[in-house]
Structures are given as structure tokens and as C-alpha cells.
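Enquirer: output the structure for:
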Amino acid sequence: MKLRIKATPHARKSEIVGWEEDALGGRVLRVRIAAPPVEGKANDALEKFLASWLGVSRSKVRLEKGGTSRIKTFEIPDGVLEES
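Expert: Now for the predicted structure:
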């Protein structure tokens, strides 16, 4: 299943803000990440944070598209989001 994320790097703490409608990305899950957006650190931290939040191993959460964009698409296992 695909999960669209609107990421805000370099936040005070990593947290889920909630769902919102984005003019460019449609319905996205807004997430603040404490890591800085340099050398992929924010993407790595976001992947690890999502895996923890969803209760799956990090290898099951894969950044599919948007590595340099604030709006990212992650591939996650089917059915996991309904349980969270």
C-alpha cells in the first residue's frame, strides 16, 4: 500500500501531526522529523520513525518517491495503517 507523507524536517521533535489535504499532494499524513534535511538524514529518520509508529520492521517501510521533496511516497505492508 502507498502512504503519502508531507515531511517537515529539522523539527523540535519527531511526531505525527495528522491528515491534511495538500493542493499538490492530495490527502497526506503530516509528519515532523527532528533530523536535518542533509545527506538523507531526514529520510532515514522518517523511515525509522514510520516503521516504529506502524509497528513493523524498518525493512517493510520503503521510500518509493520524493527523496528530495517534502511530499514523499512510502510503500508499506497492506493493512498495517488500519491497525495503527
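Enquirer: report the helix or strand with the lowest average pLDDT across this protein.
Expert: When the helices and strands of the chain are scored by mean pLDDT, DSSP states H and E, helix 80-83 comes last with a mean of 66.
Enquirer: buried residues in stretch 48-55?
Expert: 49-51, 54 (16 or more other C-beta atoms under 10 Å). Every C-beta, even on glycine, is put in place using the N, C-alpha and C of the backbone.
Enquirer: which stretches of the protein have low pLDDT?
Expert: 82-84 (pLDDT under 70).
Enquirer: grab the most central residue of it for me.
Expert: By C-alpha atoms, centre = their mean, the chain has its centre lying nearest to residue 5, at 4.6 Å.
Enquirer: contacts only, for that one.
Expert: 28-31, 46, 50, 71-74 (C-beta atoms under 8 Å, 6 or more residues apart in numbering).
Enquirer: just give the closest residue to it, not the sequence neighbours.
Expert: residue 72 (4.8 Å; C-beta to C-beta, 6 or more residues apart in numbering).
Enquirer: can you pull the phi/psi pair for that neighbour?
Expert: Here is the backbone geometry of residue 72 (degrees, to the nearest 10): phi -120, psi 150.
Enquirer: can you give me the helices in the protein?
Expert: Using DSSP state H, the helices found in the chain span residues 41-54, 80-83.
Enquirer: so which of those helices comes closest to residue 14?
Expert: Smallest distance to residue 14 across those (C-beta to C-beta): 5.0 Å, for helix 41-54.
Enquirer: how far is that closest one from where the chain is centred?
Expert: 7 Å (C-alpha atoms, centre = their mean, to the nearest Å).
Enquirer: many thanks, have a good one.
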